[in-house]
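Novice: This is the structure alone, sequence omitted:
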């Protein structure tokens, strides 16, 4: 079992896609992907 743990994506689609491409190129296949924190960017607009 091989894990990939991502953090700090915050809406950066280009970086997220680059990481996914790198995961696919790994010699040992990643079986589980965990995202810690925000996966989307709020761009300064927070709602209660």
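Specialist: Yes, it's here. The shown structure was predicted, so the numbers you read here are calculated from the model rather than taken from an experiment.
Novice: can you tell me which residues contact the residue nearest to the spatial centre of the chain?
Specialist: What sits nearest the mean C-alpha location of the chain, by Cα atoms, centre = their mean, is residue 6, with 4.3 Å. For residue 6, the contacting residues are 16, 19, 33-36, by Cβ atoms under 8 Å, 6 or more residues apart in numbering. Any C-beta I mention is one placed from the backbone N, CA and C, and that applies to glycine too.
Novice: let's go with 10 Å and repeat that
Specialist: 15-16, 19-20, 23, 33-37, 39 (Cβ atoms under 10 Å, 6 or more residues apart in numbering).
Novice: what do you get for residue 1?
Specialist: Residues near residue 1 by Cβ under 10 Å, 6+ apart: 28-32.
Novice: okay, it: pLDDT?
Specialist: Looking at residue 1, its pLDDT reads 87.
Novice: how near is it to residue 17?
Specialist: Distance of residue 1 to residue 17, computed by Cβ to Cβ, to the nearest Å: 24 Å.
Novice: follow-up on the earlier one: just the ones in strands from the contacts of residue 6, please.
Specialist: 33-36 (DSSP state E).
Novice: In TSV, list the contacts of residue 1 along with pLDDT.
Specialist: Below are the contacts of residue 1 laid out as TSV (pLDDT from 0 to 100):
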residue	pLDDT
28	91
29	91
30	92
31	93
32	93
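Novice: Which positions in stretch 5-20 come out as buried?
Specialist: Within stretch 5-20, the residues scored as buried using 16 or more other Cβ atoms under 10 Å are 6, 9.
Novice: Can you get me the start-to-end distance on it?
Specialist: One end of stretch 5-20 sits 11 Å from the other (Cα to Cα, to the nearest Å).
Novice: From the chain's centroid, how far away is that stretch?
Specialist: 4 Å (Cα atoms, centre = their mean, to the nearest Å).
Novice: now swap in stretch 23-33 and tell me
Specialist: 13 Å.
Novice: can you list contacts of it?
Specialist: Taking Cβ under 10 Å, 6+ apart as the rule, stretch 23-33 contacts 1-6, 19-20, 22.
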